[in-house]
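S.K.: below is the sequence, then the predicted model.
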Amino acid sequence: MYHNRLLFGKKNFIIVLIGIGLILLGFLVMSGGASTDPNVYPEDAIYGFRRTILAPVLILLGFIAQIVAIFTPVEQSDSETIATNKPTAKTITNKR
């Protein structure tokens, strides 16, 4: 029986999900600001703090969380092993 260790552990997947959540939250915060009247330009809604500073910072934090999740080492107890019946050279030669 061949034991294959997963590349990421539970901790890594949690950090990945947090990063995806931050990225999605950043894009949601950035959306909106449409005006019903095409002659009105809502400058404060388009160039406000929420869209120009908060949303890009949330998106960058999400990408930083993804990088941290990739480079966080997997602890031995945190990683799971998958048992597969992958044939080896020894089992192939025995079957002939």
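M.R.: Yep, it's here. Numbering: from 1, shown residues only.

S.K.: number of residues surrounding residue 26?
M.R.: Using other Cβ atoms under 10 Å, residue 26 is surrounded by 20 other residues. Quick note: C-beta positions are derived from backbone N, CA and C, even for glycine.

S.K.: distance of it from residue 39?
M.R.: Distance check for residue 26 against residue 39: by Cβ to Cβ, to the nearest Å, it reads 30 Å.

S.K.: I figured residue 74 was touching residue 9, is that so?
M.R.: Yes - here residue 74 reaches residue 9: they are 4.2 Å apart, a contact under Cβ atoms under 8 Å.

S.K.: what ranges in the protein fall below the confidence cut-off?
M.R.: Applying pLDDT under 70 to the chain flags the ranges 1-4, 77-96.

S.K.: mind naming the longest helix for it?
M.R.: For the chain, the longest helix by residue count, based on DSSP state H, is helix 10-30.

S.K.: show me what it is packed against.
M.R.: Helices and strands touching helix 10-30, by 3 or more Cβ pairs under 8 Å, 6 or more residues apart in numbering; DSSP states H and E, are helix 55-71.

S.K.: what lies in contact with the helix it packs on?
M.R.: 8, 12-13, 15-16, 18-27, 29-30 (Cβ atoms under 8 Å, 6 or more residues apart in numbering).

S.K.: list the buried residues in that helix.
M.R.: By 16 or more other Cβ atoms under 10 Å, the buried positions in helix 55-71 come out as 55, 58-59, 61-62, 65-66, 69.

S.K.: give me the angle between it and helix 10-30.
M.R.: Going by axes from the mean of the first three to the mean of the last three Cα atoms, to 10 degrees, helix 55-71 is angled at 170 degrees with respect to helix 10-30.

S.K.: pick out the residue closest to the middle of this protein.
M.R.: The centroid of the chain falls nearest to residue 16 when counting by Cα atoms, centre = their mean (3.6 Å).

S.K.: give me the residues contacting stretch 34-43.
M.R.: 33, 45.

S.K.: first-to-last residue distance for that stretch?
M.R.: The first and final residues of stretch 34-43 sit 11 Å from each other (Cα to Cα, to the nearest Å).

S.K.: ditto for stretch 28-48
M.R.: Stretch 28-48 has an end-to-end distance of 15 Å (Cα to Cα).
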